[in-house]
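*Asks:* here is the input, now give the coordinates:
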Amino acid sequence: MKKGILLIALVSMIMVAFKPAVVEYKVDTQKSKIEWIGKKVTGEHRGEIKLSSGVLNYNGNALSGGNFIINMNSMTVTDLEGEMNAKLLGHLKADDFFGVDKHAQSKFTITKVTPVSSGKVNITGNLTIKGITQPITFPAAVSIKNGVLVAVAQGVKVDRTKYDIKYGSKSFFDSLGDKAINDDFELNINLVAKK
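*Replies:* Below you'll find the predicted structure:
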């Protein structure tokens, strides 16, 4: 009995000794980018949002965790110019949408990373928008070269209605016709992080 317990303890110590240390990579907010795409019946709009900060954890051979803070005040519209740009941006920052005056930051925290194939993973985490946190899972490609970790996720669908953003949603309002705005918006996330 004692030999069995001793053997288990020894194996546990060996596993801990050979477990790769988690290395923290700091997200480069100048080189990282998030593109947003909002669609409606009559077309779509695009823009970008910058990050305030972030870290990605790497355990020797795979992404293992991390988080990033999104600066909602940095939101831009890239497909319109002049007065139409300012009008849409003002509407997106207003309480009808993201309520940026009250909620200047959004956050994503990784809770689980599941390997799919070489360099491909499914990332699960908690996304907080307007102070509301919801779980979300999406595929991503992760690579590391010369001390630089890059994580890319394309077409990440976010249901805005889960964050109390109901403006123009046909799920909540009838008779919107061609003024309806899709409940889902998409994010194209490109994170660059260094030790």
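
*Asks:* which SS class is residue 75?
*Replies:* strand (DSSP: H, G, I helix; E, B strand; the rest coil).

*Asks:* over to residue 30?
*Replies:* coil.

*Asks:* ranges for the strands of this protein?
*Replies:* 23-27, 33-40, 43-58, 63-77, 105-117, 120-129, 132-145, 148-159, 181-194 (DSSP state E).

*Asks:* point out the one among these that comes closest to residue 167.
*Replies:* strand 181-194 (7.0 Å; C-beta to C-beta). In this view, the C-beta of every residue, glycine as well, is placed from N, C-alpha and C.

*Asks:* what sits up against that closest one?
*Replies:* Strand 181-194 has contacts (C-beta atoms under 8 Å, 6 or more residues apart in numbering) with 25-28, 31-40, 51, 54-56, 68, 140, 147-161, 167-171.

*Asks:* that strand: how far from the chain's middle?
*Replies:* 6 Å (C-alpha atoms, centre = their mean, to the nearest Å).

*Asks:* and it, which strands flank it?
*Replies:* strand 23-27 (antiparallel), strand 33-40 (antiparallel), strand 148-159 (antiparallel) (DSSP bridges).

*Asks:* including mean neighbour count, distance to residue 85 and mean pLDDT, could those strands go into a markdown table?
*Replies:* Formatted as a markdown table, those follow (neighbours: other C-beta atoms under 10 Å; distance: least, C-beta to C-beta, whole Å; pLDDT from 0 to 100):
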| stretch | mean neighbour count | distance to residue 85 | mean pLDDT |
| --- | --- | --- | --- |
| strand 23-27 | 17 | 27 | 95 |
| strand 33-40 | 17 | 14 | 93 |
| strand 148-159 | 17 | 22 | 96 |
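
*Asks:* if we can go back for a sec, take the strands of the chain and lay them out in CSV including distance to residue 92.
*Replies:* Converted to CSV, the strands of the chain look like this (distance: least, C-beta to C-beta, whole Å):
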stretch, distance to residue 92
strand 23-27, 24
strand 33-40, 8
strand 43-58, 8
strand 63-77, 6
strand 105-117, 13
strand 120-129, 12
strand 132-145, 17
strand 148-159, 14
strand 181-194, 10
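
*Asks:* no further questions, thank you.
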